[in-house]
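1. sequence and predicted model, in that order:
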Amino acid sequence: MAEHWAPADADRVDGLRSVFAQVEHGYRGILDLLNQASINAESGETRTAAILHRTAVQAEEIRQRAQEAVENLSVFSFQDDPTAVDGAGNIFSIDAVVAALGEGLRLTLLMLGHQEGWLADDGRLELPWPMPAIDEALIFQIGTTELLASSWRRWETTEQGFRYGAGSLDNVDPSEFPKDWPADAIAWRYVPTAGPVYDWVANERHKDAQLQNYARIQSETSAQTKIAPPDQAAAMPPDQVLSLKEINAHGYLSMIIGDDILNDNRRFSDLRLIEWLRGYEALSILAHKEFENGMTSFERHVLVFPPGRLEERLQFYGLSADAATALTQIATLSSDSLDLFDTPLIRTTDGGHLLIGPAAIDADPGQIVLSRLNSLGHKLESKGKAFERQILEFFRERGFKAFSIDKTRSGEPYEIDVLVPWDGFLFVFECKNRSLSGQHPIQAYYFDQDRADYINQVLRQVKGLTDYPDMAIEAGGIDPLDFQIVPCVLYSLPYAMDGSDRGVYVTDWSSLGRFFEERYLYRKIPFNLPGGNKGLRRIGIYSQWSSDTPTPEDFLRHLRDPLQVRLMRARMEPRASSFLIADRHVVETTEFGKAPLTLDLHAEVLGFDAADVRRQEDEFKNQLPDLLAELQAKYDAK
């Protein structure tokens, strides 16, 4: 058949064959190494028990290292990745290690499930129960399987990035080998392109935004009063919450859909969003409780619930019996699970469940709910219109004559979400409420494809605006030909880019909202006031405006060079590492890590005097005891 193809098509097919052969070689090589492991002589039940015990032992060590790191901290920042030091003195990211631990367990258990026939008709894993007894030697031996599961995970990420254009995969010349590589090894090097940078920045900004909002709830509000007493049955929101995490996640999901999730009666896999959120946070609370009560590392990190016990505890935390059953189905590990955070439960053959503590104990329930909804194919329909209304109202509240257009001209529909005339400029926003990639290569690829489509959409709308200016005259009372038109794609989640693409700026609600709401970026010093109230000292470090009020030129400068993107890019650290995919076959990859956001880095990127800010902070901290004593006296006198 190939002889009938055009030369270009034949070359393309040959290229694809080469790519798929390269990809398959990686997976087959890992499986070959796995088949050589001595642990394979043991039964599937024994290997399962060994990997669960090994996970518990490693989780225990991570918690201990994390606790030591917290105790040694002199300054804590919600914007920094939590790190610890291993036994060799190397610094590691706690979140990254926990994620890798969970991913290794997920892959190993699903692999055993396929091999042993433990996957039920619905795809959910059912582990034989009870587990056999094991010894330290087996826990050590299963480490080979865990290591290869890590290689599988890393190869999957690498080959997907390669196949979807996020990076190159090339041979490494032996002259470039590090000293610890065999001289006769085969080596491939994966190097990411520029595209993943914005994806990484967006996802890290999103994580930071959630942490900052959590910090604000914790230090600037009295939200703790809504938390249910720990030993009493809890009511559902709005009456009670289980934690500040639940409050933060409630706000996040409400922002996503453009309305309070309490008002959303839609059901996804038989649960309302408020029930999804409560269920996942209840699992986190259970993981905390069992961690505190467990006598061994296994009891603290692999939590065993006999038949019916988990559903009973979920009902104690406010879910109905039906909702508790539905939640256990949603959160149970299955062949379609993307990670263990989404599905931290494992079904056992006696009808009970295991809860993998490290995957639940500190997880963000809002992020998990959105991720699991996506993996199950649920779409939060109609959220886009809510976002458009929110943006229109935002500008109108600030005195702008913002409007939208929904017209047809010459048989062509024109729906322009938000138009904002401002001193000779007309800002045109195409509003998009789309989930981020979660740094998953395939999702990142489709995100990029969608962004290109959105830019084409707004360019088409702008052309229609200039071809048919009467649409704007009818809808907003202005002639667009009298203005300099500035087209923008506006995301609800924090995805922005510097510069423009074909004259279109890409911005987001977080950065846009902050630009218009406050002139300055601040350093904040929270403190407690008498009577349980909260105080906050703010020190301005950067002005987004050139005067007391924003100008369109200020906003254009922000669109061209969004400071939130600039700050996160300054923190991005490329980190190279390698792993085996076959005997004497190494893959070197470059991944991005995040440097701490220090005051000095802040000052370097934004151009302010760090020493002056430190002086103001020290002055306030020295004055604070006298101020609090004075306020306490006034409070006591009431």
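-> Happy to help now that I have it. Residues are numbered from 1 along each chain as shown.

2. shouldn't residue 535 be within a helix?
-> No - counting by DSSP: H, G, I helix; E, B strand; the rest coil, one finds residue 535 to be strand, located in no helix.

3. and it, how close does it get to residue 290?
-> 37 Å (Cβ to Cβ, to the nearest Å). Where C-beta positions appear, they are placed from N, C-alpha and C, glycine not excepted.

4. same check, this time on residue 504
-> Taking Cβ to Cβ, one finds residue 504 at 51 Å from residue 290.

5. can you check residue 463 too?
-> From residue 463 across to residue 290, the span is 61 Å (Cβ to Cβ).

6. neighbour count for those two, which is higher?
-> Between residue 463 and residue 290, counted using other Cβ atoms under 10 Å, the more crowded position is residue 290 (20 against 12).

7. was I right about the more buried one contacting residue 300?
-> Yes - counting by Cβ atoms under 8 Å, residue 290 touches residue 300, with 6.8 Å between them.

8. so what sits against both of those two?
-> residue 357 (Cβ atoms under 8 Å, 6 or more residues apart in numbering).

9. could you tell me how many residues sit around the residue nearest to residue 406 when sequence neighbours are not counted?
-> Computed as Cβ to Cβ, 6 or more residues apart in numbering, the closest residue to residue 406 that is not its neighbour in sequence is residue 415, at 5.2 Å. Using other Cβ under 10 Å, residue 415 is surrounded by 14 other residues.

10. Three-state assignment for residue 415, please.
-> Secondary structure of residue 415, per three-state DSSP, is strand.

11. any idea how far it lies from residue 613?
-> 46 Å.

12. next: residue 285.
-> 39 Å.

13. who has more neighbours out of these two?
-> Between residue 285 and residue 613, counted using other Cβ under 10 Å, the more crowded position is residue 285 (21 against 17).

14. test my guess that the more buried one contacts residue 243.
-> Yes - using Cβ under 8 Å, residue 285 is in contact with residue 243, at 7.0 Å.

15. list the contacts for the closest residue to residue 336 other than its chain neighbours?
-> Nearest residue to residue 336, sequence neighbours excluded (Cβ to Cβ, 6+ apart): residue 123, at 5.8 Å. Shown in contact with residue 123 (Cβ under 8 Å, 6+ apart): 334, 335, 336.

16. that older thread, now do the residue nearest to residue 406, the pLDDT please.
-> Residue 415 is assigned 94 on the pLDDT scale.

17. ditto for residue 101
-> On the pLDDT scale, residue 101 is placed at 87.

18. what of residue 597?
-> We have a pLDDT of 85 for residue 597.

19. residue 91 too?
-> So residue 91 comes in at 55 (pLDDT).

20. now residue 161: how far from residue 504?
-> 26 Å.

21. more crowded one of those two?
-> Higher neighbour count among residue 161 and residue 504: residue 161, with 25 against 22, using other Cβ under 10 Å.

22. give me the neighbour count for the closest residue to that one other than its chain neighbours.
-> Spatial nearest neighbour of residue 161, chain neighbours left out: residue 441 (4.3 Å); criterion: Cβ to Cβ, 6+ apart. Using other Cβ under 10 Å, residue 441 has 22 other residues around it.

23. from now on call the first residue 14
-> With the count now opening at 14, the last piece we talked about shows up as residue 454.

24. wait, isn't residue 454 in contact with residue 167?
-> No - contact criterion Cβ under 8 Å: residue 454 and residue 167 do not qualify, at 11.9 Å.

25. and the residue nearest to residue 295 when sequence neighbours are not counted, what's its pLDDT?
-> Spatially, and ignoring its direct neighbours in sequence, residue 295 is nearest to residue 330 (3.9 Å; Cβ to Cβ, 6+ apart). The score at residue 330 is 97. That number is its pLDDT.

26. what do you get for the one 5 residues further on?
-> Listed pLDDT for residue 335 reads 97.

27. sec struct for it, please.
-> Going by three-state DSSP: residue 335 is helix.

28. show the average pLDDT along the helix or strand containing residue 488.
-> Using DSSP states H and E, residue 488 maps to helix 483-489. In this model, helix 483-489 has a mean pLDDT of 97.

29. got the buried residues for that helix?
-> 484, 485, 489 (16 or more other Cβ atoms under 10 Å).

30. residue boundaries of the helices in the stretch 364-513 of the chain?
-> 370-373, 378-388, 396-410, 454-480, 483-489 (DSSP state H, counting those that start in this stretch).

31. tell me the most buried of these?
-> Among the helices of the stretch 364-513 of the chain, helix 370-373 has the highest mean neighbour count (mean count of other Cβ atoms under 10 Å), at a mean of 28.

32. tell me how far that helix lies from the chain's centre.
-> Its chain's C-alpha centre and that of helix 370-373 lie 16 Å apart, by Cα atoms, centre = their mean, to the nearest Å.

33. and what of stretch 439-449?
-> Worked out by Cα atoms, centre = their mean, stretch 439-449 lies 20 Å from the chain centre.

34. local confidence estimate at the residue nearest to residue 174?
-> As predicted, residue 454 sits at a pLDDT of 90.

35. quickly note the distance from residue 293 to residue 262.
-> Counting by Cβ to Cβ, the gap from residue 293 to residue 262 is 8 Å.

36. also residue 236?
-> Distance, residue 236 to residue 262, by Cβ to Cβ: 13 Å.

37. who has more neighbours, those two?
-> Set residue 236 next to residue 262 and count neighbours by other Cβ under 10 Å: residue 262 wins out with 28 against 16.

38. only C-alpha atoms, please: export stretch 113-129 in PDB.
-> Provided in PDB are the C-alpha atoms of stretch 113-129 (Å, rounded to 0.1, in the frame of the first residue of the first chain):
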ATOM      1  CA  ALA A 113       5.600   9.400  43.300                       C
ATOM      2  CA  LEU A 114       4.900   7.100  46.200                       C
ATOM      3  CA  GLY A 115       1.200   7.000  45.400                       C
ATOM      4  CA  GLU A 116       1.700   6.600  41.700                       C
ATOM      5  CA  GLY A 117       4.100   3.700  42.200                       C
ATOM      6  CA  LEU A 118       1.500   2.000  44.400                       C
ATOM      7  CA  ARG A 119      -1.300   2.700  41.900                       C
ATOM      8  CA  LEU A 120       0.600   1.200  39.000                       C
ATOM      9  CA  THR A 121       1.800  -1.800  40.900                       C
ATOM     10  CA  LEU A 122      -1.600  -2.700  42.300                       C
ATOM     11  CA  LEU A 123      -3.300  -2.300  38.900                       C
ATOM     12  CA  MET A 124      -0.600  -4.300  37.200                       C
ATOM     13  CA  LEU A 125      -1.100  -7.100  39.800                       C
ATOM     14  CA  GLY A 126      -4.900  -6.700  39.300                       C
ATOM     15  CA  HIS A 127      -4.500  -7.400  35.600                       C
ATOM     16  CA  GLN A 128      -2.100 -10.300  36.100                       C
ATOM     17  CA  GLU A 129      -4.200 -12.000  38.800                       C
END
